[in-house]
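> here is a sequence with its predicted model. Questions after.
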Protein chains: 2
Amino acid sequence: MSENQGVQSVDRALRLLELLSAHDEGVKLTDLAREAGLATSTVHRLLTTLEMRGFAQAEAGSGRWHVGRRAFEVGSAFTRQHHFVAPALPFLRRLRDRTHETANLGVIEGGEVVTLSQVESREIIRAISPPGGRAPVLCSGMGKAIIASWSDDAIDRLVARYGLRKITARSLFSPEAVQHEIAEVRMRGFAVDDEEYVPGLRCVAAVVWSPQGEAAFAISISGLATRMTPERVTECGGIVCELARELTAKLGGRAP
Amino acid sequence: MSENQGVQSVDRALRLLELLSAHDEGVKLTDLAREAGLATSTVHRLLTTLEMRGFAQAEAGSGRWHVGRRAFEVGSAFTRQHHFVAPALPFLRRLRDRTHETANLGVIEGGEVVTLSQVESREIIRAISPPGGRAPVLCSGMGKAIIASWSDDAIDRLVARYGLRKITARSLFSPEAVQHEIAEVRMRGFAVDDEEYVPGLRCVAAVVWSPQGEAAFAISISGLATRMTPERVTECGGIVCELARELTAKLGGRAP
DNA sequence: GTATACATTCCACGATACGGAAATTTTAGC
DNA sequence: GCTAAAATTTCCGTATCGTGGAATGTATAC
């Protein structure tokens, strides 16, 4: 076992699970082996072990492999740890109904925002991160909304640790740009992802506070940039903030 | 590696994930080792491997271990494979709004029903299976609704393969009881879990059909038996059936 | 029907994963 | 604050396990 890399076969199996989850339509064993850089016999053995416990399954007929239901069962435990996900759902729905855009709820984990819950608008936009999806904190409306509540030192440490990823032409590219952006968020009370993660997509987010006065999580709406004009962003920002305040109150939270 | 048991360390790691998911408030390493029947050093090594890939995480402060966000991300892929989960959500909401009970959507996987989606009523009843939760097919309203569309031979094979588990005093206990129950479901058009899985809890379910005329999944409502009187069950059965028919139509399905 | 690709099984070998022991850290009780 | 107990983390010798290449079996494409 090489230094600090954990148990090799477990690491490999988890890697295969991650790859499976990236293939919504399933993937053939040989292709998976190629993607993972492993021998087909190794991948076969690891997959059948995952299958035995229900974490992976082979589709009858095509033989393509998929994430299995035990992965869903285990993964659901993650959201159950966040007791706010269920009570937040009616607020996401109202947010969606008032803005006619997809409403999201997310938290920061590591240097990324994870979408925990979502209520889609009538128009389903595939580019929007689904539940389980993630984005770098600094390319995400929800991420920027949450870290705007942090100290400047803490933000600098995040930037130093995870860096700045230039995913689109509009991604934040320098520590100065980050500082300027965070100042904007603090002034406005909401954050905007202005095509920084996905070209053509805008997102408006605000934080929900915990009883301890910390930014527990964020809620947001996402929509096409063609529709989300600057005027519309301001309007939606007000709505997101209003519902974030109501949800804070509902959960017994308080802004600092 | 003993015969037909897959890769030992992978199997163990997955076992640990399952155990973590059963502890919503987290679990200490020593307790987990005891539960898994493994040495603490082994569990430590496996947990840190899971942690490296984000499938498990140790809670700062208490040191208790939890399912990590990558498990949620991977697990979410499972519901994305079921393209009907998202479009079904508005119907679950309407079902909840009309009956004032918790609405659920589930599929059969193995000899069990897995809850894929849920819209809770105002009164949160902890005994109801959350998303990711599972119940034996023959103790579940959704399970019985789905298999009532199968041939008698297929039902007999299910019973033979998975058996009948007497979980409560009211669980189905014999193949004859199963046959009688299935006949009732077919006659009524909906299934009822009459405290067969959880004492004090009733559930009314109907199937949603696929374009191929097969029972794709089921939707249901669950409520306390004190409130779900026989009259109420009949009333709710009609509503569940109505919404199941509408959802079938919406998804381009057809009853056989 | 044949060639190719994919999936599955086998097996020799060496590296890895194991668990007990020891060391370190944390917690509980007084 | 001190001490004992419990929990966690690290170390290490050993033998079992996991590996990938080869062989075999099955499915697919032409």
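Happy to help now that I have it. Numbering: from 1, shown residues only, chains lettered A, B, ... in the order given.
> nearest residue to A:Ser210 other than its sequence neighbours?
The spatially closest residue to A:Ser210, leaving aside those adjacent along the chain, is A:Ala216, at 4.0 Å (Cβ to Cβ, 6 or more residues apart in numbering or on different chains). (Glycine included, C-beta is placed from N, CA and C.)
> could you do A:Gly253 as well?
The shortest distance from A:Gly253 to any non-neighbouring residue, by Cβ to Cβ, 6+ apart, is to A:Trp209 (4.1 Å).
> so what's the one you found up against?
If you count contacts by Cβ atoms under 8 Å, 6 or more residues apart in numbering or on different chains, A:Trp209 has them with A:215-216, A:248, A:253-256.
> can you give me the strands for chain A?
Using DSSP state E, the strands found in chain A span residues A:56-58, A:65-67, A:102-109, A:112-119, A:134-136, A:191-194, A:201-209, A:215-224.
> state the mean pLDDT of the fifth one.
Averaging pLDDT along strand A:134-136 yields 90.
> name the strands paired with it and say parallel or antiparallel.
Looking at strand A:134-136 with DSSP bridges, its partner strands are strand A:112-119 (antiparallel).
> circling back to that earlier point, ok, the contacts of A:Trp209 vs B:Thr40, which is closest?
When the contacts of A:Trp209 are ranked by distance to B:Thr40 (Cβ to Cβ), A:Ala216 comes first, at 33.3 Å.
> burial count for that closest one?
Using other Cβ atoms under 10 Å in any protein chain shown, A:Ala216 has 21 neighbouring residues.
> how much space separates it from B:Asp156?
Between A:Ala216 and B:Asp156 the distance, using Cβ to Cβ, to the nearest Å, works out to 52 Å.
> rewinding a little: can you put the strands of chain A in a markdown table and add distance to A:His23?
As requested, those are exported to a markdown table (distance: least, Cβ to Cβ, whole Å):
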| stretch | distance to A:His23 |
| --- | --- |
| strand A:56-58 | 11 |
| strand A:65-67 | 8 |
| strand A:102-109 | 23 |
| strand A:112-119 | 19 |
| strand A:134-136 | 17 |
| strand A:191-194 | 26 |
| strand A:201-209 | 23 |
| strand A:215-224 | 24 |
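> just those: most buried one?
Most buried of the strands of chain A, by mean neighbour count (mean count of other Cβ atoms under 10 Å in any protein chain shown): strand A:201-209, with a mean of 27.
> for the top helix by length along chain A, give the mean pLDDT please.
Longest helix of chain A, by residue count under DSSP state H: helix A:230-250. Across helix A:230-250, pLDDT averages out at 95.
> pLDDT value on A:Val114, please?
92.
> bridge partners for it, pull those for me.
For A:Val114, the beta-bridge partners are A:Val107, A:Arg134 (DSSP bridges).
> so what's it up against?
With contacts taken as Cβ under 8 Å, 6+ apart, A:Val114 has the following neighbours: A:106-108, A:132-134, B:69, B:72-73.
> redo those as TSV? Include distance to DNA strand D.
As requested, these are exported to TSV (distance: Cβ to the nearest atom of the strand, whole Å):
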residue	distance to DNA strand D
A:Gly106	28
A:Val107	23
A:Ile108	22
A:Gly132	26
A:Gly133	29
A:Arg134	25
B:Arg69	19
B:Phe72	22
B:Glu73	23
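> list just the nearest of the residues you listed to B:Glu195.
Within those, proximity to B:Glu195 (Cβ to Cβ) peaks at B:Phe72, which comes in at 32.1 Å.
> isn't that closest one right next to A:Phe72, touching?
No. Assessed by Cβ atoms under 8 Å, B:Phe72 is found out of contact with A:Phe72, at 9.4 Å.
> give me the common contacts of those two.
When Cβ under 8 Å, 6+ apart defines a contact, no residue borders B:Phe72 and A:Phe72 alike.
> hmm, back to that, figure out which of the strands of chain A is closest to B:Val178.
Within the strands of chain A, the stretch nearest B:Val178 is strand A:56-58; the backing value is 26.4 Å (Cβ to Cβ).
> strand partners (parallel or antiparallel) of that closest one?
strand A:65-67 (antiparallel).
> which outside residues touch the strand it pairs with?
By Cβ under 8 Å, 6+ apart, the surrounding residues in contact with strand A:65-67 are A:17, A:20-21, A:23, A:26-29, A:32, A:47, A:55-59, B:74-75, B:77-78, B:81.
> name the residues of the longest helix of chain A that are buried.
For helix A:230-250, a neighbour-count test (16 or more other Cβ atoms under 10 Å in any protein chain shown) marks A:233, A:236-237, A:239-241, A:243-245, A:247-248 as buried.
> is chain B within reach of that helix?
No. When contact is scored as Cβ under 8 Å from any Cβ of the partner chain, no part of helix A:230-250 falls within range of chain B; the minimum is 12.8 Å.
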